[in-house]
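K.L.:
this is a predicted model, with the sequence first.
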Amino acid sequence: MAQHKTKSKNKKNKKLAQPFSSLASFLLHKVQNKTSTTMNEDNNKEEIQEEGLNPQEETTSANEEAATEDTNTQESEAKEDAAENAAEEKPEEAEAESNAEKDPLDQALEKIAELNDKYLRKVAEFDNYRKRTIKEKSELILNGGEKTITKILPVIDDMERAIENGKKTDDIEAIREGIDLIYKKFIKILEGEGVERIETKDKDFNTDYHEAIAMVPGLGDDKKGKVVDCVQTGYTLNGKVIRYAKVAVGQ
C-alpha cells in the first residue's frame, strides 16, 4: 500500500516537472539564438569595417589612391625627363672630353678637312649657279623677243591683205589710207612695248639722242645749233636709246 502511494507521488512529481523542463529548454533556446544573432552582427560590423564599405571612407580612400597615382606619374615623368636630358648631355660631354684628349695637331687637321669640305661644296654650288645663269641668259636672248614678235604678226597679216587688195583695185587713195592704218597700228604696238620716237623738229642738237650727219650753213642765227632736218628717226626703249636720230644741224 505504501509502495503504491510512493509510485503515484513520483508520477505526480514527473508530471509537474515536465512543464518546467520545457520552459527551461525554451528559454535556453531563445538565449542561444539572441547570442548567435549578436555575434553575427558583430562579425558583420567587423567585416564592413575591414572591407571599408563606409561611403566616406571609400571616397577618402579613392582620393588617396588617385593622389598616389598622380604622384607616381609625376615622379615617373620627372625620371624620364632627367634620363633624356642625361642622354642628350652625355654625347656632348663625351665629345668635349674627346676633343680635350685629342692632340692639337689632330684637331687642326680635322678643322682643315672640315673647312676644305665646306669650300668644295660652295664652289660646286657656285658652279651650278653659274651654269644655270648662262643657260637662262642664252634662252632669254634666243626667245626674249617672242612676246613682241607675236604682237607684230597681225601687222604682217594686214600688210599681206593690203598687197592682195592693191592688185585688185586702182584706187590709190584707198591703198594709201589702208597703209596709213597699218602704220598707226604698228606704232601703237611698239609703244605698248616701251618703244618711243625721238623728237627732232626744232629741237636743240643733243648728242645723247642725235647723231649729226650734216652741217647746214647760212640758215641764220636762230637755226644755229638746232636740228633742221631728220634723215633717220631715232627710238628709245624704256628710256634707253636703241637708235640715235640721224639729223642735219644748222651752222
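P.N.:
Okay, I see it. In this text, all values refer to a predicted model and were calculated from it rather than measured experimentally.

K.L.:
look up how far residue 128 lies from residue 135.
P.N.:
To residue 128, residue 135 is 11 Å away according to Cβ to Cβ, to the nearest Å. To be clear about C-beta, it is placed using only N, CA and C from the backbone, and glycine gets the same treatment.

K.L.:
no, scratch that, I was asking about residue 214
P.N.:
Distance, residue 214 to residue 128, by Cβ to Cβ: 54 Å.

K.L.:
residues making contact with whatever helix or strand residue 158 lives in?
P.N.:
Under the criterion of DSSP states H and E, residue 158 resides in helix 146-168. With contacts defined as Cβ atoms under 8 Å, 6 or more residues apart in numbering, helix 146-168 is touched by 175, 178, 179, 181, 182, 185, 186, 189, 192, 193.

K.L.:
okay, buried residues for it please.
P.N.:
The neighbour-count check on helix 146-168 (16 or more other Cβ atoms under 10 Å) flags 155, 158 as buried.

K.L.:
and the helix or strand following that helix, what's buried?
P.N.:
Using DSSP H and E, the helix or strand that follows helix 146-168 in sequence is helix 172-192. Within helix 172-192, the residues that count as buried by 16+ other Cβ under 10 Å are 178, 182, 186, 190.

K.L.:
what's the separation between the third one and residue 233?
P.N.:
The one in question is residue 186. Distance of residue 186 to residue 233, computed by Cβ to Cβ: 13 Å.

K.L.:
got it, and the first one?
P.N.:
Between residue 178 and residue 233 the computed distance is 22 Å (Cβ to Cβ).

K.L.:
next: the last one.
P.N.:
If you measure residue 190 against residue 233 using Cβ to Cβ, the figure is 12 Å.

K.L.:
again with the second one
P.N.:
Relative to residue 233, residue 182 is positioned 17 Å away (criterion: Cβ to Cβ).

K.L.:
as JSON lines, the buried residues of helix 172-192 with pLDDT and distance to residue 116 would be great.
P.N.:
Shown next, in JSON lines, are the buried residues of helix 172-192 (pLDDT from 0 to 100; distance: Cβ to Cβ, whole Å):
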{"residue": "178", "pLDDT": "89", "distance to residue 116": "72"}
{"residue": "182", "pLDDT": "93", "distance to residue 116": "66"}
{"residue": "186", "pLDDT": "93", "distance to residue 116": "60"}
{"residue": "190", "pLDDT": "91", "distance to residue 116": "55"}
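
K.L.:
wait, which of these is closest to residue 237?
P.N.:
Nearest to residue 237 among the buried residues of helix 172-192 is residue 190, at 9.2 Å by Cβ to Cβ.

K.L.:
which SS class is residue 241?
P.N.:
Following DSSP: H, G, I helix; E, B strand; the rest coil, residue 241 is assigned to strand.

K.L.:
now it, nearest residue through space, not along the chain?
P.N.:
Once flanking residues are discounted, residue 241 sits nearest to residue 209: 6.2 Å by Cβ to Cβ, 6 or more residues apart in numbering.

K.L.:
OK, contacts around that neighbour?
P.N.:
Taking Cβ under 8 Å, 6+ apart as the criterion, residue 209 is in contact with 198, 234, 236, 241, 244, 245.

K.L.:
most neighbours, which of these?
P.N.:
The most crowded member of the contacts of residue 209, judged by other Cβ atoms under 10 Å, is residue 245 (22 neighbours).

K.L.:
so that residue makes contact with residue 234?
P.N.:
Yes: here residue 245 lies in contact with residue 234, judged by Cβ atoms under 8 Å, at a distance of 3.1 Å.

K.L.:
need the residues touching each of the two.
P.N.:
Common contact partners of residue 245 and residue 234 (Cβ under 8 Å, 6+ apart): 198, 200, 209, 210, 211.

K.L.:
which one of these is nearest residue 142?
P.N.:
Minimum distance to residue 142 across the shared contacts of residue 245 and residue 234 is 28.7 Å, recorded for residue 198 (Cβ to Cβ).
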